[in-house]
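K.L.:
mind folding the following:
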Amino acid sequence: MIAEVHHQKVTAGHLKRDAFLYVRQSTLRQVFENTESTKRQYALRERAVALGWPQERIVVIDSDLGKSGASIQGREGFQQLVTAVGMGRAGIVLGLEVSRLARNSSDWHRLLEICALTETLILDEDGVYEPKDFNDRLLLGLKGTMSEAEIHVLRARLRGGILSKARRGELRSPLPVGFAYDEMGRVRRHPDAQAQAAIRQVFQTFSRTGSAYATVKSFRQQKLLFPRRVQTGPRGRLVWAPLTHALVLNLLHNPRYAGAFFFGRYRTRRLIDGRTVSERLPQDQWHTLLRDAHDGYITWDEYEANQRQLRECAQAHGAERRKSPPREGPALLQGLVMCGVCGDRMIARYHLRGTSQIPSYVCQRRGIERAEPFCQVVHGERVDEAVGGLLVEMMTPVALEIALTVQRELQERVADADRLRRQQGDRARYEAELARQRFMQVDPNNRLVADVLEADWNEKLRVVRAAQDEYERQRQADHAVLDDEQRRRLTALATDFPRLWRDPKTPDRERKRMVRLLLEDVTLVKTTEVTAHIRFKGGTERTLTLPLPTPHWQTWVTPPAVVAEIDHLLEEHTEGEIARVLNERGLQSGKRHAFTRQMVQRIRMDYRLTSRYHRLRARGLLTPRELARKLRVCVLTIGTWRGHGLLRAHAHSDKDEYLYEPPGEDAPVKWKHKLSSRR
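P.N.:
Numbers count the residues shown, from 1 in each chain. Below you'll find the model as predicted:
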């Protein structure tokens with residue numbers, strides 16, 4: 001009777017279209033281990049044949065084997081099935097059960113809606129259903145809801161077990177490099193001593209430099225390698241490669257290195273387009289955090305100090321422009337300056353003066369955001385000098401202790417690097433010995449294998465020689481840095497801290513690092529003078545008042561004494577003659593250049609000095625035309641008389657232009673008689 005009902009639902013219109021058999025298993029492990037379920041799904045082809053479909057009209061879609069049915073994302077087979085149904089090519093859809101087609105109610109009901117519109121049947125292990133029929137659709141909808149509830153229960157059960165073990169700190173998860181599980185399942189530091197030393201070196205270098213990039217740079221300069229865990233091959237196998245910035249950040253952010261167990265640091269959520277994204281949660285929202293759960297490489301306090309330092313480095317690139325690691329520029333207070341007007345943090349800017357970089361502290365954030373003038377710009381050179389002088393004054397009593405501490409730190413730093421390089425050489429020799437043993441154990445007549453093993457042995461020996469040469473070279477370089485003469489010089493400089501501070505060989509970055517150990521921040525206020533409020537670590541405060549720096553253009557101004565001298569010389573000399581006199585006396589312009597006629601003329605005009613022409617006119621001297629009219633002669637005769645020394649002429653320019661002193665009334669008659677007698 002049931003078979004007759006089924007056949008009544010299958011019409012000739014259904015048989016004209018194809019039958020689609022959808023086969024799916026959730027994981028690859030189920031595909032290989034739960035083979036019976038897969039066989040049962042493929043066996044549904046016989047049901048389709050029994051309902052009237054020929055074998056060649058049965059389309060099997062099994063491309064989703066090993067994929068979860070919780071979402072349509074990534075299931076190309078299910079998307080192919082929905083496309084075929086929507087285009088009216090499917091007469092019936094076969095699936096062992098609803099959960100094989102979809103575990104998500106939205107995907108399942110969407111398929112039912114399309115099947116109802118195209119009059120496509122659905123067959124499972126229990127029977128044949130017609131989605132456009134209300135009763136069949138109600139039953140299929142109920143099955144889909146139960147399937148989704150089933151996966152929810154399974155997930156909740158598994159999730160509950162995971163959270164329970166995580167709450168006790170017993171959840172086993174992949175460990176970062178430097179850790180391994182022992183035979184009892186407990187977390188221990190990796191037995192490789194070189195790996196432990198390399199990890200400790202990373203934390204020590206970051207603590208010293210305060211920058212992940214500087215840590216990577218230090219490893220590269222010393223040619224130190226860092227371990228990485230290989231996921232394939234023997235478990236726990238390590239390979240050695242140069243340190244990268246991403247590896248340093250992973251070490252610093254991972255609480256495992258502080259001996260803590262944690263779970264729930266990330267939360268995964270699904271976007272509207274079906275993609276999943278992970279977001280990092282703040283520490284107070286983690287599901288589990290158990291301190292001192294196992295041995296670590298640093299303490300929890302050191303871990304939190306590293307996080308604060310990383311946040312400060314990140315904030316240096318944010319809108320707040322907060323503290324940043326010390327850079328190479330000469331701005332001594334970079335990252336420590338606060339604006340005393342608006343309270344924002346000021347940034348360092350540089351401009352060139354010749355070949356020197358001159359710092360300025362600029363409060364610009366609000367000005368950029370609101371298109372307004374900058375709050376204030378403070379010339380930084382005098383501020384840095386004043387703060388440096390204050391530090392020298394306050395640090396003199398403890399200079400010796402500081403220098404000796406620096407010396408001990410340098411010695412420890414070199415010793416750690418030397419130990420790591422020695423361990424790299426030991427590892428290379430160990431691998432060379434393994435290669436030798438493999439070569440010695442092979443049959444010498446089997447040249448196909450013996451040649452490969454011999455080449456591998458030779459390559460390992462070359463690595464050993466290279467590691468030994470590098471170790472000796474670096475050891476000699478370290479000895480040159482810390483020889484007895486250097487120690488004596490360091491101790492001598494310790495008694496004269498001001499000279500150590502002002503030593504041009506002291507890098508700006510190291511000088512800034514010393515400042516950050518002493519100062520909390522510096523607040524600047526610029527009015528008719530610059531006021532610097534300095535806060536030291538521990539709460540001590542000092543206030544410095546500095547005059548505003550002289551604008552640079554004022555340094556180019558001609559000295560007043562030179563202007564006065566030019567004014568005096570204009571009484572007797574032309575501008576070209578004045579330039580020669582000033583140069584002979586060793587005087588220079590505001591830009592430290594020798595004088596020229598054009599420069600003297602420009603100074604006379606800028607300072608509105610009376611020209612020589614007007615000075616001579618004020619003394620009653622006449623022009624050649626005026627004198628010729630007075631003496632009733634032509635202008636050329638005036639020039640002739642001047643050439644014979646009969647007229648007293650005074651040059652007023654460098655172009656042979658003269659002014660004349662008026663002669664007596666009878667002078668022309670005497671001059672004519674004198675000139676005729678000469679002829």
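K.L.:
what's around D344, how many residues?
P.N.:
By other Cβ atoms under 10 Å, the residues close to D344 number 17. (C-beta placed from N, C-alpha, C; glycine too.)
K.L.:
now the element after the helix or strand hosting R47, going C-ward?
P.N.:
According to DSSP states H and E, R47 maps onto helix 44-50. Next helix or strand after helix 44-50 toward the C-terminus (DSSP H and E): strand 58-61.
K.L.:
mind listing what's buried in that following strand?
P.N.:
Under the neighbour-count criterion of 16 or more other Cβ atoms under 10 Å, strand 58-61 has I58, V59, V60, I61 buried.
K.L.:
correct me, but the first one touches V23?
P.N.:
No. Shown here, I58 and V23 do not form a contact pair, counting by Cβ atoms under 8 Å, at 11.9 Å.
K.L.:
so what touches the helix holding R47?
P.N.:
Helix 44-50 is contacted by residues A19, L21, Q55, I58, V60, I92, L94, G95, L96, L123 when judged by Cβ atoms under 8 Å, 6 or more residues apart in numbering.
K.L.:
between these, which has the most around it?
P.N.:
Counting neighbours by other Cβ under 10 Å, L94 leads those with 29 neighbours.
K.L.:
in a markdown table: the contacts of helix 44-50, plus pLDDT and distance to V277.
P.N.:
Formatted as a markdown table, these follow (pLDDT from 0 to 100; distance: Cβ to Cβ, whole Å):
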| residue | pLDDT | distance to V277 |
| --- | --- | --- |
| A19 | 91 | 39 |
| L21 | 90 | 35 |
| Q55 | 89 | 45 |
| I58 | 89 | 40 |
| V60 | 89 | 35 |
| I92 | 91 | 39 |
| L94 | 88 | 36 |
| G95 | 86 | 31 |
| L96 | 83 | 33 |
| L123 | 89 | 38 |
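K.L.:
quick check: of the residues you listed, which lies closest to V442?
P.N.:
Closest approach to V442 among these (Cβ to Cβ): V60, at 51.1 Å.
K.L.:
so which strand or helix has the closest residue to the closest one other than its chain neighbours?
P.N.:
Closest residue in space to V60, ignoring its immediate chain neighbours: L21 at 4.8 Å, by Cβ to Cβ, 6 or more residues apart in numbering. Assessed by DSSP H and E, L21 sits inside strand 18-22.
K.L.:
gap between that strand and the chain center?
P.N.:
Taking Cα atoms, centre = their mean, to the nearest Å, one finds the center of strand 18-22 at 55 Å from the center of the full chain.
K.L.:
neighbouring strands for it, and are they parallel or not?
P.N.:
strand 58-61 (parallel), strand 90-94 (parallel) (DSSP bridges).
K.L.:
of all the ones you listed, which one comes closest to G643?
P.N.:
Of all the strands paired with strand 18-22, it is strand 58-61 that lies closest to G643, at 120.2 Å by Cβ to Cβ.
K.L.:
in PDB, could you pull the C-alpha coordinates for the helix or strand just after that closest one?
P.N.:
Next along the chain after strand 58-61, taking DSSP H and E as the criterion, comes helix 76-86. Provided in PDB are the C-alpha atoms of helix 76-86 (Å, rounded to 0.1, in the frame of the first residue of the first chain):
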ATOM      1  CA  GLU A  76      29.900  23.000  -3.900                       C
ATOM      2  CA  GLY A  77      27.900  19.900  -4.300                       C
ATOM      3  CA  PHE A  78      24.900  21.200  -2.400                       C
ATOM      4  CA  GLN A  79      25.100  24.500  -4.400                       C
ATOM      5  CA  GLN A  80      25.100  22.400  -7.600                       C
ATOM      6  CA  LEU A  81      22.000  20.500  -6.300                       C
ATOM      7  CA  VAL A  82      20.100  23.700  -5.500                       C
ATOM      8  CA  THR A  83      21.000  25.100  -8.900                       C
ATOM      9  CA  ALA A  84      19.700  22.000 -10.700                       C
ATOM     10  CA  VAL A  85      16.400  22.100  -8.700                       C
ATOM     11  CA  GLY A  86      15.900  25.800  -9.300                       C
END
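K.L.:
so which elements touch helix 76-86?
P.N.:
strand 18-22, strand 58-61, strand 90-94, helix 105-118 (3 or more Cβ pairs under 8 Å, 6 or more residues apart in numbering; DSSP states H and E).
K.L.:
now it: average pLDDT?
P.N.:
Average pLDDT, helix 76-86: 87.
K.L.:
just the buried residues of it, please?
P.N.:
Using 16+ other Cβ under 10 Å as the test for burial, helix 76-86 gives G77, F78, Q80, L81, V82, A84, V85.
K.L.:
check contacts around the second one.
P.N.:
Shown here is F78, whose contacts under the criterion Cβ under 8 Å, 6+ apart are Y22, R24, I61, D64, G69, I72, L101, A102, D107.
K.L.:
apply 10 Å and report the result again.
P.N.:
Shown in contact with F78 (Cβ atoms under 10 Å, 6 or more residues apart in numbering): 22, 24, 61, 63-64, 67, 69, 71-72, 100-102, 107, 111.
K.L.:
what of the fourth one?
P.N.:
Contacts here follow Cβ under 10 Å, 6+ apart; on that basis L81 touches 20-22, 59, 61, 64, 75, 90, 93, 95, 101, 111, 114.
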